[in-house]
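**Q** give me coordinates for this.
(chains A, B and C)
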Amino acid sequence: MADAMQPSYTRKIKMGQIITSYSHLHDNKVIVNGRIIFYQENILKFADFVKTVFKQEQFIYPRFYKMDAISKLGFLATELVLKEKTIEGYLPEAMGIVLSNSSASLDTDIAHNETIKDRSSYFPSPSVFVYTLPNIAIGEVCIKNKIKGENAFLISEAFDGKLLFDYVNELFKSKRVEACLCGWVEVMANNCNAMVALVENTGAALDGRSSGFEPMLFNEENLNLIMTRN
Amino acid sequence: MDELILKLKKEVIEQLNLEETTPDDINPDSPLFGEGLGLDSIDALELIVLLEKNYGIKIEDPKDGKKIFFSIRTMAEYITEHKK
Amino acid sequence: MKPVYILNDNIINAFGFTTAETILALDKGSIGISTVNDPVLYPQPVQLSLVDTERLNRKFSEILEIHQKNTPADSFTRLEKFFIVSLYDVLKNSSVDPENPRTLLVISTTKGNIDLLENRFRTVFSHKRLYLWELGRIVRKFFGFANAPIIISNACISGVVAVMTATRFLQSGAYDHAVVTGGDIASEFVISGFQSFQAISPNPCKPFDLNRTGLSLGEGCGTMVLSTIPTVTGWNSIRVAGAATSNDANHISGPSRTGAELSGAMNQAMSQAGVAREELSYISAHGTATPFNDEMESKAIELSGLLHVPVNSFKGYWGHTLGAAGLIESVAAVASIRNNVLYRSAGFESPGVPAAINVISSNQYSEVNSCLKTASGFGGCNAAILYQKD
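**A** As a prediction, this is how the structure comes out:
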C-alpha cells in the first residue's frame, strides 16, 4: 500500500491541508521554507531590494519591470514559493489565490494622484492607474502561473492569520480549490512585508518537494508563526 | 530625424519601463507591437500620453494610433509633421 | 450547508436612498446619467451618475440627530455617509442586531475615501482615513457591530465577492446573520484614470449595443442583510444559492478573449444552486459598455449555453458604481425576482456583440424564479452569484 510509503507527518494529519512551501520577505531579508536566502545589512530602497532578489534568483520575466510595488512584491514572494514546490499538476481552475494587506494600493494611488495634482500639467498615466487596485497583484500572479480558480483580496489593519485561514479553509472544505496560494503583500514607500504560503491537501502534497522542508499543518497559528519567525 | 529617433527610443524605454532594453535593441523600422518588444494595449495608451506630454500632440481618435505607433520611425515622422 | 436568505436591502444611487426609489425609476425607465460640469470632479464636462449631495447630507443629519447627537456631520466623509445612511435604512427595518456576535459585517469598496488625497481635504481628515480598515472601523463603531468587518477590495467584482464571502460564512455556520455593504464615490482620481484609458463614453453608456463607446461612471452604495434564520416578513423567500469567482490569467486590464473563465464561474454558481440551464430565468450582466467587456460577456453566456436567457445590464441607468456595483445590481436583480419583472437594458438598441445573447429590449412582466448576477474586473477577475426563489 502507498500508505506505508508516506512520511510520518501525514499519518498524524489524516485529513486537511498543509503548507508545502512558503516565503517571507521583509527588512531586506528573504526567507524561503525556513532558510534565509537573501540578507542585506544596509537598508535598501524597495525598488533595489526587489530587483536584487529578482536578479539573484535569476528570474526572467520582462513584465516584472512594468509592475507596481505590490505586484512586484507579490510576484517575487509567489515565484520563490513555487520554485520550491511546483503546482504544475493542478488544473488552472482548481487553483486559488487569496491575498491581503493593510494599505490596499495606496502606494500606487499616491503615484496616480501626483499625475493629476496640477491642472496645467495633467497627464494621468494608464500604466500607473491600472495598478491602483490591490488585486492586480493577484492578476499578475495568475497570468504568470495560469491560476484560474477562486481569487480574492482582503484588507485588514494588520496581518490577520485567522481571517486568511478561515477564508481559505472554507475554499478547501467546499472543494472549490485543490491548491491555494495565500498571504500578505504590503508595501508603503520603502517599507515592505510579504508572506505567501502554498496550501495543498495532505495526500497531494507528497511529490516534488525539493528542499527537505517538512510541511506544516495549515492553520492560523502556523500562518502567524511564518509571519513572525525571522 | 536620427536625433529624434534616438530620443524617442529613450523615451519609449523609460515610459514603458522596458528595463532590459537599450536603444540599440530597437530597430526603428520594426513593428512596436506584436512580437518584438512585447507591448500591449496599456502601452499603446501610454504612448498616446507620451506624445501629448512630451510633444504637445493630441491624438483624438485612438484608432489613428495603429499607424502612428507602427514603429519608432512612423512615430518620429508623425511628430515632425504635427509638432507645433 | 445552511440556506442563506436575503432579509432586507437598500440602494443609494442617483435615483434616491432606498431600493423602492430605484425600482420606481426602473419602472418609469428613467436614466440617471447626465453631463456633469464640475471642475472639482474633472476639468472637462463628463457623463456621470451622482448621488444627490443635498439629500445625502439631510438624511445623514437626521440619522445623527437620532443616533449620536454630539458628532458633527462634517467629521464624516462622503463615502462614510453613504455607508451609514444605507446601513441605517436596512438595520432600522430588520430584526438583525449588529451587536450580536453571530452577526458578520462585510464591506466592499474599490477606492474607499480616495477623495481625501485631494488638497481640499488634506487638513480636514487624517491620512489614516485613506486606509480601508479605518473606513471599516468607523462604520463598525457607528452601529456597534460586535465583529470587525471583513473588507473586500477586488476591483469591479468586489460587491459580488462580498455577498459570496458572507454567504459562505453563513452556510458553514460560522455566523447566523450578515450585513453586506458595498460603496464607492465618483472622484477625480477614478474619472481621470478611466479617461486615460479612453474608456469613458461621451454619452450615457449603451451596454451590449452596436454603437457603444465605453462606460459611464457612477457612485452609490448597496446593502443586503443575509440570514440563515428566515423571518416571517415575506422578504425571506429569496436565497443566495451559489457563487464562484475565477481569473482570466490573461491580461491585467483587457478581458479574456474567449470568456471561458467567466463562463466557468457562471457554471459553478449554477451547479452549486442546482439550477439547470433551461431553468434559469434571467442574467443580470456586468455590461460596462466598453467594446471588449461586452464582447467577452456575450461569449461567456454562449459558452455556458445560456443564449436563450433574458439578460440586461443596469449600468445604462446609473452607470458603473465600481465596488458598489455588485451590491446595488444584486439588490436590483433580487427586486426583479421578487416583483416578477425583467427590466429593459437601458441604452441597448441594436445587437453589437459577437454572440446572439437575449438582451431585454422592453420591460417584461412574467414569473422570475432565479437570477445569475455576473461581474468582471481589472486584474482578470470574474464572479457569478445565483439568487433564487426558495
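**Q** contacts only, for C:L79.
**A** Shown in contact with C:L79 (C-beta atoms under 8 Å, 6 or more residues apart in numbering or on different chains): C:109, C:112-113, C:115, C:135, C:183-185. Placement of C-beta: from N, CA and C, glycine included.
**Q** so it belongs to a helix, correct?
**A** Yes: assessed with DSSP: H, G, I helix; E, B strand; the rest coil, C:L79 lies in a helix.
**Q** I'd say C:N203 and C:G214 touch.
**A** No: C:N203 lies out of contact with C:G214 (C-beta atoms under 8 Å); the separation is 9.3 Å.
**Q** show me the contacts for the residue of the stretch 51-200 of chain C at minimum distance from chain A.
**A** Nearest residue of the stretch 51-200 of chain C to chain A (C-beta to the nearest C-beta) works out as C:G193 at 3.6 Å. Applying C-beta under 8 Å, 6+ apart to C:G193 gives the contacts A:112, A:124, A:126, A:129, A:132.
**Q** okay, now the third one: neighbour count?
**A** Looking back up the chat, that one is A:P126. For A:P126, the neighbour count with other C-beta atoms under 10 Å in any protein chain shown is 23.
**Q** in this structure it contacts B:L45, no?
**A** Yes: assessed by C-beta under 8 Å, A:P126 is found in contact with B:L45 at 4.0 Å.
**Q** near chain A, which residues of chain B show up?
**A** By C-beta under 8 Å from any C-beta of the partner chain, the part of chain B that sits against chain A consists of B:16-20, B:38, B:42-43, B:45-46, B:49, B:52-53.
**Q** taking the residues you listed, tell me the two that lie furthest apart.
**A** B:E20 and B:E52 (26.9 Å; C-beta to C-beta).
**Q** which one's more surrounded, those two?
**A** B:E52 (14 against 10).
**Q** okay, the more buried one: pLDDT?
**A** Note for B:E52: predicted pLDDT of 93.
**Q** let me have the residues of chain B next to chain A in CSV, extended by secondary structure.
**A** Listed next are the residues of chain B next to chain A as CSV, based on three-state DSSP:
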residue, secondary structure
B:L16, coil
B:N17, coil
B:L18, coil
B:E19, coil
B:E20, coil
B:G38, coil
B:I42, helix
B:D43, helix
B:L45, helix
B:E46, helix
B:V49, helix
B:E52, helix
B:K53, helix
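**Q** what parts of the stretch 51-200 of chain C come near chain A?
**A** C:110-112, C:114, C:117-119, C:130-134, C:136-137, C:148, C:150-155, C:161, C:165, C:168-169, C:172, C:174, C:188-189, C:192-197.
**Q** and which of the contacts of C:G193 is nearest chain B?
**A** Using C-beta to the nearest C-beta, A:P126 is the member of those that lies nearest chain B, at 4.0 Å.
**Q** quick check: the gap between that closest one and chain C.
**A** 5 Å (C-beta to the nearest C-beta, to the nearest Å).
**Q** more neighbours: C:N203 and C:G214, which one.
**A** When C:N203 and C:G214 are compared for neighbours, C:G214 comes out ahead with 21 against 14, by other C-beta under 10 Å.
**Q** please report phi then psi for that one.
**A** Main-chain torsions, C:G214, degrees, to the nearest 10: phi 130, psi -180.
**Q** you'd agree it is up against C:S201?
**A** Yes: the criterion here is C-beta under 8 Å, and C:G214 meets it with C:S201 at 3.9 Å.
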